[in-house]
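Q: just a sequence and a predicted model for now, questions to come.
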Amino acid sequence: MRSLRDKLILITGGARGIGLAMARRLGRDGGRIVLADLETEELDRARESLQQDQVECSVFTLDVTDIEALPDFRQRLHDQLGPVEVLVNNAGVVFGGPFLDLPLDKHLLTYQVNVSGVVAMTYYFLPDLIAAEEGHLVNIGSASGLVPLPWGSTYASSKWAVLGFTESIRQEMAELGHKHVGVTTVCPGYVDTGMFDGVRPPLLMPFLKPEQLVEKVRTAILKRQEMVLEPYLVKLTPLLKGILPRFLSDGLADLMGVTTGMKSWSGHAEEPGD
């Protein structure tokens, strides 16, 4: 994408965390920002915060799990602002703890937000990206979509699904001749948004600041990069998984604290993104 100026950019889960940081950064590039989030009061605070930074935005209260409401949301957005050119599927939830200690509805909600919400938003807005001169889809996954995550099994598996879905859409766009549509999967380690408070990050993988991650995502949109893996050790994960036998990769994960980090999770369950 040559420039973000005047591009209509829709960010789900945009009221806090990664979503708000994304809005602030892309808005400084001249993007026309649209924030969608479940929390109306948080949205209003986000808009005021962005306006203080001279970033204008529009806000819509939206529950990405309310699939039946999405066509009406798309129509309202078209009527007021026009078709979307950049879609950032950022909304997500996490619930930490031993699998059987969590109520089943928490596990199912994780899939509803993190998977069904991403698929449905993409389904309704991908035609906008295809119709645009340039379009870009960004799906926020997680480094846990690359490795097992005890005490976060449904969260990790939902992000495995996001990774597989996004990579498949990326190749499908190319096969259909829609090479003007960029597709990026973002797989960060733990991000300091409050969502993962209490977690002990793995060795040599400190918490990322949202602003750090957003700079990488911005570059990925402009340069049509397919993956954002941060911090550096996350970039090595696919290689290590590919060449190491299972007992060695599991042992390395244990040594680095990957398998035990979520045991001390105390973060808030729902957040605009990872």
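A: Perfect, thanks for sending it.
Q: what pLDDT does the model give the residue located most distally from the centre of the chain?
A: Of all residues in the chain, the one whose C-alpha sits farthest from the chain's mean C-alpha position, using Cα atoms, centre = their mean, is Phe247 at 30.6 Å. pLDDT for Phe247: 89.
Q: how close does it sit to Ala253?
A: Distance, Phe247 to Ala253, by Cβ to Cβ, to the nearest Å: 11 Å. Bear in mind the C-beta positions are built from the backbone N, C-alpha and C, glycine included.
Q: now Ala120
A: Per Cβ to Cβ, Ala120 is found 33 Å from Ala253.
Q: which outside residues touch the host helix or strand of Asp72?
A: When secondary structure is defined using DSSP states H and E, the element that contains Asp72 is helix 70-80. Surrounding helix 70-80, the residues in contact under the criterion Cβ atoms under 8 Å, 6 or more residues apart in numbering are 10, 34, 36, 58, 60, 62, 64, 84, 120-121, 124-125.
Q: stretch 152-164 now?
A: Stretch 152-164 is contacted from outside by 93-96, 99, 106-107, 110-111, 114-115, 118, 139-142, 144-149, 185, 187, 262, 265, using Cβ under 8 Å, 6+ apart.
Q: mind listing what's buried in it?
A: The neighbour-count check on stretch 152-164 (16 or more other Cβ atoms under 10 Å) flags 152-163 as buried.
Q: ok, back up a step: how is the residue farthest from the centre of the chain assigned, secondary-structure-wise?
A: Following DSSP: H, G, I helix; E, B strand; the rest coil, the label given to Phe247 is helix.
Q: okay, strands next: where are they in the stretch 101-250 of the chain?
A: For the stretch 101-250 of the chain, applying DSSP state E, counting those that start in this stretch gives strands covering 135-140, 181-188, 227-230.
Q: next SSE after the helix holding Asp72?
A: Using DSSP H and E, the helix or strand that follows helix 70-80 towards the C-terminus is strand 86-89.
Q: distance check, Thr219 against Leu213.
A: Noted for Thr219: a distance of 11 Å to Leu213, by Cβ to Cβ.
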